[in-house]
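1. Need the 3D shape of this:
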Amino acid sequence: MKPLSECRVLIVESDFGVGLKLLREFSDEGCRGVKLVRTLEGALRELSVTPPDAVALDLDVRGKHATPIADVLAAHNVPFVVVSGPSTGAAATEHDSLKTFPAREIVSRLTTAITQRKAA
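-> Numbers count the residues shown, from 1 in each chain. As a prediction, this is how the structure comes out:
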């Protein structure tokens, strides 16, 4: 059984191509529920309905900074990895240090975070 089997993953990514690539990677890892949302409002709705086991988060979603979502995820101990977003200047945040890509690396980092959370 793969480590992400049975996990629910939310992808918050405004770039459809990047989001689709991540969706495929997580589905290939056996996630039972992978959702792609392309707006901050959509992400907030999803988080309020059924909190996911992990999140892949774009910090710049259609020109809006997603730091409030990252803060909520951190406060509720939901593992997340920042997949893209600003990393310098006034928009930089403490969450930017998590920024990585390619998709395999995102899957690997979330797998590690979920495994550690289950062990705790």
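2. tell me the mean pLDDT for stretch 67-74?
-> Stretch 67-74 carries an average pLDDT of 88.
3. Contacts for it next, please.
-> Applying C-beta atoms under 8 Å, 6 or more residues apart in numbering, the contact partners of stretch 67-74 are 12, 40, 43-44, 47, 55, 57, 59, 79-80, 82, 93, 95. Any C-beta I mention is one placed from the backbone N, CA and C, and that applies to glycine too.
4. can you tell me which two in these are farthest apart?
-> Greatest spatial distance in these: Leu40 and Pro79, 19.3 Å, computed using C-beta to C-beta.
5. who's more crowded, these two?
-> Pro79 (21 against 18; other C-beta atoms under 10 Å).
6. all helices of the protein, in order?
-> Remark: helices assigned in the chain by DSSP state H are 16-28, 40-49, 67-75, 103-119.
7. Cys7: which of these is closest?
-> Going by C-beta to C-beta, the one of these nearest Cys7 is helix 103-119, 6.1 Å.
8. The closest one: which residues count as buried?
-> For helix 103-119, a neighbour-count test (16 or more other C-beta atoms under 10 Å) marks Ala103, Ile106, Val107, Ser108, Arg109, Leu110, Thr111, Ala113, Ile114 as buried.
9. Between the helices of the chain, which has the poorest mean confidence score?
-> Lowest mean pLDDT of the helices of the chain: helix 103-119, a mean of 80.
10. Kindly export that one (C-alpha atoms) in PDB.
-> Written as PDB, here are the backbone C-alpha positions of helix 103-119 (Å, rounded to 0.1, in the frame of the first residue of the first chain):
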ATOM      1  CA  ALA A 103       5.500  17.600  -9.000                       C
ATOM      2  CA  ARG A 104       7.400  14.500  -7.800                       C
ATOM      3  CA  GLU A 105       9.100  16.600  -5.100                       C
ATOM      4  CA  ILE A 106       5.700  18.000  -3.900                       C
ATOM      5  CA  VAL A 107       4.400  14.400  -3.600                       C
ATOM      6  CA  SER A 108       7.500  13.300  -1.800                       C
ATOM      7  CA  ARG A 109       7.300  16.200   0.700                       C
ATOM      8  CA  LEU A 110       3.600  15.700   1.400                       C
ATOM      9  CA  THR A 111       4.200  11.900   1.800                       C
ATOM     10  CA  THR A 112       6.800  12.600   4.400                       C
ATOM     11  CA  ALA A 113       4.600  15.100   6.200                       C
ATOM     12  CA  ILE A 114       1.600  12.800   6.300                       C
ATOM     13  CA  THR A 115       3.700   9.800   7.400                       C
ATOM     14  CA  GLN A 116       5.200  11.900  10.300                       C
ATOM     15  CA  ARG A 117       1.800  13.100  11.300                       C
ATOM     16  CA  LYS A 118       0.400   9.600  11.400                       C
ATOM     17  CA  ALA A 119       3.400   8.500  13.600                       C
END
